[in-house]
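**Student:** okay, here's the prediction I keep looking at, along with the sequence it came from:
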Amino acid sequence: MAKTATTTAPRLKALYTSQYVKELQAELGLGNVHQVPKLEKIVVSVGTGKNKDDKRFQEVVVNTLTKITGQAPVQILAKKSIAGFKIRANMGSPIGTTVTLRGARMYEFLDRFVNVALPRVRDFHGTSNKSFDKSGNYSIGINDQSIFPELSFEETQVIHGLQINLVIGNEDKAHSKALLEKFGIPFEKTGGNK
C-alpha cells in the first residue's frame, strides 16, 4: 500500500485564508472577497554591478539565493550594450541573479524573513513607508545577506546586498500596506521624535 504524503499549508497562508481575508474585507470596506489584496509572488534579486566578471562573487550570490529561498536562481544577461559600463548584450557574465517564489515557498520565505531575518538587522527602525510603487507592490533592500540564519559564517565572507519585491494583486497602496501589516512587516513609525 502506497503512503500518501500529508502536507500542511504554510502558517501565513493558512492565517491569510482563514482569518486575514475576512478581517481585511471588513477593515477596508470591500464589498467582494475578490477585492481583498493578495500576495501573488516574491522576487528576490541581486545585481552584480561592478563584480559582474568576478566568478567567486557570482558563486556566492547563487549560493545565497539558493539557501535562503530553497529554489535555484536564474542568472540574467544584459539585453542592451552599454559602453560606459563595459556591458555587451547577451555576452559574458550575468549582470544579475534572481529567484521568483510563488505558492507555499513564497509564504514560507516571507514568514522566515519577517520573524527571523528582519529582527537581526542592526539598528532596525522598521521598513520604509515610501517603498510602494504605483501598483501597490512593495520593495525592501537588504545591505548584508548575513541576517539570514540559513547562511553559515563562511558563506557571508563576501558581503552583498539583495532586493526583495513583494508583488501584490490589489487596487491601491493603502490596501497593500494593510495586507503587509497583517503578515507582520514592521513599518517605521511616521512623525514624532526622530
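**Tutor:** Arrived safely, thanks for sending.

**Student:** excluding its backbone neighbours, what's nearest G184?
**Tutor:** Nearest in space to G184, with sequence neighbours left out and distances taken as CB to CB, 6 or more residues apart in numbering, is V114 at 4.5 Å. C-beta: built from backbone N, CA, C; applies to glycine.

**Student:** what is the least confident helix or strand in the protein?
**Tutor:** Ranking every helix and strand in the chain by mean pLDDT, DSSP states H and E puts strand 74-76 at the bottom, with a mean of 83.

**Student:** quick check: next helix or strand after it?
**Tutor:** strand 96-101 (DSSP states H and E).

**Student:** which elements pack onto the helix or strand just after that next one?
**Tutor:** Using DSSP H and E, the helix or strand that follows strand 96-101 in sequence is helix 103-112. If you count contacts as 3 or more CB pairs under 8 Å, 6 or more residues apart in numbering; DSSP states H and E, helix 103-112 packs onto helix 11-15, strand 38-47, helix 55-69.

**Student:** now do helix 103-112 against strand 38-47, angle only.
**Tutor:** On the basis of axes from the mean of the first three to the mean of the last three CA atoms, to 10 degrees, helix 103-112 is oriented at 70 degrees to strand 38-47.

**Student:** the helix or strand that comes right after helix 103-112 to strand 38-47, inter-axis angle?
**Tutor:** Counting by DSSP H and E, the next helix or strand C-terminal to helix 103-112 is strand 138-142. Orientation check (the same axes, to 10 degrees): strand 138-142 against strand 38-47 gives 30 degrees.

**Student:** who's in contact with strand 138-142?
**Tutor:** Strand 138-142 is contacted from outside by 121, 127, 131-133, 161-166, 168, 176, 180, 185, using CB atoms under 8 Å, 6 or more residues apart in numbering.

**Student:** which among the residues you listed count as buried?
**Tutor:** Among these, the ones that count as buried by 16 or more other CB atoms under 10 Å are 127, 132, 162, 164-166, 168, 176, 180, 185.

**Student:** chain center to stretch 42-61: distance?
**Tutor:** Stretch 42-61 sits 16 Å away from the centroid of its parent chain (CA atoms, centre = their mean, to the nearest Å).

**Student:** what pLDDT, on average, does that stretch get?
**Tutor:** For stretch 42-61, mean pLDDT rounds to 82.

**Student:** tell me the centre residue of the chain?
**Tutor:** Nearest to the mean C-alpha position of the chain, by CA atoms, centre = their mean, lies I164 at 3.1 Å.
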